[in-house]
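Asker: model this:
(one chain, ligands or ions: 2)
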Amino acid sequence: MSKIIVRGGQRLSGTVRVNGAKNSVLPILAASLLAQEGESVLIDVPLLDDVITLHQVLASLGATITFDTDTARIDASTIHAVEAPYEFVRKMRASFLVMGPLLARLGRARISLPGGCAIGTRPIDQHLKGFEAMGAEITLGHGFIEASKTSERLKGAKIYLDVASVGATQNIMMAATLAEGTTMIENAAKEPEIVDLANYLNAMGAKVRGAGTGMIRIEGVEAMKGAVHNVIPDRVEAGTYMVAAAITGGDVYIENAIADHLAPVISKLQEMGVAIEEGENGVRVVADRRLKAVDVKTLPHPGFPTDMQSQMMALLMVSEGSSVVTETVFENRFMHVEEFKKLRGQIKVEGRSAIVSGGTDLKGANVCATDLRAGAALICAALRADGISEITGTHHIDRGYVNITQKLAALGADIRREELVPVETEEMAAAVNAAIELNLEETLHTVQEAETAAAFSRDKELARMKIQPTWA
Ligand SMILES: CC(=O)N[C@H]1[C@@H](OP(=O)(O)OP(=O)(O)OC[C@H]2O[C@@H](n3ccc(=O)[nH]c3=O)[C@H](O)[C@@H]2O)O[C@H](CO)[C@@H](O)[C@@H]1O
Ligand SMILES: C=C(OP(=O)(O)O)C(=O)O
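Answerer: Numbering: from 1, shown residues only. Ligands and ions are numbered 1, 2, ... in the order given. Below you'll find the predicted structure:
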């Protein structure tokens, strides 16, 4: 249990560096399973809870992973298991992305059904439709899905996606790399993370063309090997700091942000009156005037990203005029609205739209992050609100933001985190506290589960941990 405590009203200024993209590194880690030989070296891997969960999935399949600062080394030559356990898939839907690589590499995959999550039902029918078209047999059991090859190799196929799903595009792309013949994905997702995955797959020896367009062509190859790859910067993390800068009337340079990837966010902020300058290796955001309301509609890339909707809504609450925010990607992504109301936000939800009355003087309150981006949006709103806000539900935020409290504090925010660790005995509590005090990573490992130790490591900026296969 932990909470983030913010005293609003500080103007942010300075430079913040964004980490590698969560939504790129997760499919890329899954894709590393495709290498029959050689080590993959992934650079700029963010030490996030989701990344740790996927490490655990890969380790449980028999891969060897070491993680040092921001570099992950994966040897997948030793994988032998085909089942991604429920304890991991339950925590993170993206675990389902190992299905394509396992099917291609070992011919079978059994994965617990990813549960519906807060922001929508999130079906996986398009992933399965793709695997079936390539000749896999799909069995739905009690709480799991199994896919098996019916011939020596999967077969290339023409697959039209009913929705331009990011995950389905990635899963099918990965399965198709080792298939016999050519696969065409029509109505493919075009997100920058799809292009990043294709670049990694190609470095591993795959033949993927057209990533970033609606038509991706994958010519199957016989074998793939490990490769070195630099993960792209996180556009959603960058966008979140852009909003944090704008909402506090700040002047912040967001290092490592790629303006091209942020085009829809930049356009909307500019329409509102935020000045944005593209720099050498990042983007500068200056908000020195009253901002005006704009309407926002989320769409698949290159439309406005759903992962920035709640942060944008935070900014719209304090801008002049009314706006309509329409969410078209997920059917239940307005849960932050009730929390915003606790900060005195004036918002009314009507179906898939939220009508925001701007110009509100926000007031600090105790609020709860209902999902990852909702948590980030609440932090943004709290930075502007008068007085103190306490944000719980921080485990959601830890899925997607590295050191968010430290990064914002370095920009001048009055923000801190309080960590309450449930331990069984007083001796353990004393040992944990001593370890935190002394930065003794080893001690943490002896008294806590790896995850908790990682949470401490992250907070203490000891970004070094190893996860060994459980059978080793
Ligand atoms: C780890 C990761 O990269 N997560 C991102 C990814 O999620 P994810 O890959 O899960 O999102 P999708 O693009 O698949 O989902 C988009 C829409 O398609 C629907 N759908 C999806 C698959 C399917 O088989 N059938 C179906 O109907 C979903 O319910 C949703 O309404 O893209 C989303 C949309 O940009 C982002 O918000 C998430 O941050
Ligand atoms: C919805 C998100 O992620 P995921 O698909 O991992 O739940 C997100 O990053 O905002």
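
Asker: residues from the stretch 51-200 of the chain in reach of ligand 2?
Answerer: Arg93, Ala94, Ile119 (CB under 6 Å from any ligand atom). C-betas here are computed from N, CA, C, even on glycine.

Asker: count of neighbours near the last one?
Answerer: Neighbour count of Ile119, defined by other CB atoms under 10 Å: 23.

Asker: Narrow the residues of the stretch 51-200 of the chain next to ligand 2 to those in helices?
Answerer: Within these, no residue falls in helices by DSSP state H.

Asker: and which of these is nearest to ligand 1?
Answerer: Ala94 (4.2 Å; CB to the nearest ligand atom).

Asker: Run through the residues that contact the nearest residue to that closest one once chain neighbours are set aside.
Answerer: Closest residue to Ala94 apart from its sequence neighbours, by CB to CB, 6 or more residues apart in numbering: Leu26 at 4.3 Å. Going by CB atoms under 8 Å, 6 or more residues apart in numbering, Leu26 touches Asp50, Val51, Leu54, Ala94, Leu97.

Asker: same question, Met184
Answerer: Ala157, Lys158, Ile159, Met215, Ile216, Arg217, Ile218.

Asker: isn't the first one right next to Met134, touching?
Answerer: Put plainly, it is Ala157. Yes - between Ala157 and Met134 there is a contact under CB atoms under 8 Å: 5.0 Å.

Asker: joint contacts of these two?
Answerer: By CB under 8 Å, 6+ apart, Ala157 and Met134 have these common neighbours: Thr183.

Asker: confidence score at the residue of the stretch 151-300 of the chain at minimum distance from ligand 1?
Answerer: The stretch 151-300 of the chain approaches ligand 1 most closely through Gly167 (2.9 Å), counting by CB to the nearest ligand atom. Here the pLDDT value assigned to Gly167 is 97.

Asker: Now do the same for the residue nearest to Ala94: helix, strand or coil?
Answerer: On the three-state scheme (DSSP: H, G, I helix; E, B strand; the rest coil), Leu26 is labelled helix.

Asker: Any idea how many residues pack against the residue in the chain positioned nearest to ligand 2?
Answerer: Ligand 2 sits closest to Asp307 of the chain, with a gap of 4.0 Å, by CB to the nearest ligand atom. Using other CB under 10 Å, the number of residues around Asp307 comes to 24.

Asker: SS state for the residue nearest to it when sequence neighbours are not counted?
Answerer: Residue nearest to Asp307 in three dimensions, not counting chain neighbours: Val236, with 4.5 Å by CB to CB, 6+ apart. Classification of Val236 by three-state DSSP places it in helix.

Asker: what's Val236 in contact with, if anything?
Answerer: Residues near Val236 by CB under 8 Å, 6+ apart: Ala21, Lys22, Asn23, Pro305, Asp307, Met308, Arg373, Gly400.

Asker: Okay, the fifth one and Gly9: tell me how far apart.
Answerer: What it means is Asp307. The spacing between Asp307 and Gly9, counted by CB to CB, to the nearest Å, is 27 Å.

Asker: Select from the contacts of Leu26 the one having the most neighbours.
Answerer: Going by other CB under 10 Å, Leu54 tops the contacts of Leu26 with 28 neighbours.

Asker: Touching, that one and Lys91? I think so.
Answerer: No - applying CB under 8 Å as the test, Leu54 and Lys91 come out as separate, 9.9 Å apart.

Asker: Quickly list what's touching both of those two.
Answerer: Contacts common to Leu54 and Lys91, judged by CB under 8 Å, 6+ apart, are absent.

Asker: Which helix or which strand is home to the nearest residue to Cys380 once chain neighbours are set aside?
Answerer: The shortest distance from Cys380 to any non-neighbouring residue, by CB to CB, 6+ apart, is to Ala314 (4.4 Å). Taking DSSP states H and E as the definition, Ala314 sits inside helix 309-317.

Asker: How far does that helix sit from its chain's centre?
Answerer: 19 Å (CA atoms, centre = their mean, to the nearest Å).
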